[in-house]
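Colleague: sequence unknown, structure follows:
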């Protein structure tokens, strides 16, 4: 049986590890040719090797996703090797956790660049190829933090609010050209990023204990659970879902 992304070319930013890595593997298993874009060259090349060993097709392109020249070069490399992407997963991102009055302008600008500017640059680079094909699907990684602010994460929560607005706005602008754009919004996830967040919050006095996590969302999500949600939004199964925010948080934002 053909996979849900059979015949697709999927570009995944931050696709080497964590939720992005789980998505790279899953998208390839579902039939996509996968372009893995990441600044971690060792992990990115290892991910491509793992996909190819399993019988899939993938290529790695190194890039700082906040740098326009590097993004354009990465998209050009993926396009030349695999074809123009018709699936884009804007996943790359990071976090700053500290009291607001201790944060610096440099940290603000850095996080905005990695989490928000990257989506602008990657989408702008990929859209012309999608338009030439008559359509495509874009998924952006947002967060529960877009609507449920966590203490000591003002900068991060702000970037994820921007991600919410970006996904909806792209959906509105390009709906009539056959392009969908949605956001997947994870809760706390068992990845290096998620575990670091829990550790740093705890060190700064925020209750992120197992008991608190159980009350908020039952348990930590597995990265594969987020990848499956992103796969659904990317696939034609979500053909009438556009401008949506899909929360994958086991009820965190419903309480």
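Modeller: Perfect, I can see it now. Just so it is clear, the model here is predicted, and its values are computed rather than measured.
Colleague: Would you mind pulling the contact partners of stretch 55-62?
Modeller: Contacts to stretch 55-62, defined as C-beta atoms under 8 Å, 6 or more residues apart in numbering, come from residues 16, 24, 28-29, 33-39, 41, 44-45, 47-48, 51-52, 70, 73-75, 77-78, 81-82. Quick note: C-beta positions are derived from backbone N, CA and C, even for glycine.
Colleague: nope, stretch 36-50 is what I was after
Modeller: 11-17, 20-21, 24-25, 58-65, 71, 74-75, 78, 92, 122.
Colleague: swap the cut-off to 6 Å and go again
Modeller: Residues outside stretch 36-50 that contact it (C-beta atoms under 6 Å, 6 or more residues apart in numbering) are 12-17, 21, 24, 58, 60-64, 74.
Colleague: now, the most widely separated pair of the residues you listed?
Modeller: Within those, 58 and 64 form the most distant pair, 20.2 Å apart (C-beta to C-beta).
Colleague: Give me the more crowded residue out of those two.
Modeller: residue 58 (28 against 17; other C-beta atoms under 10 Å).
Colleague: And the more buried one, how far from residue 224?
Modeller: 18 Å (C-beta to C-beta, to the nearest Å).
Colleague: Strands - which of the contacts of stretch 55-62 land there?
Modeller: 33, 34, 35, 36, 37, 38 (DSSP state E).
Colleague: Grab the two from those that are most spread out in space.
Modeller: Longest distance between any two of those is 16.7 Å, between 33 and 38; criterion C-beta to C-beta.
Colleague: So for those two, which residue has more residues nearby?
Modeller: Set residue 33 next to residue 38 and count neighbours by other C-beta under 10 Å: residue 38 wins out with 28 against 23.
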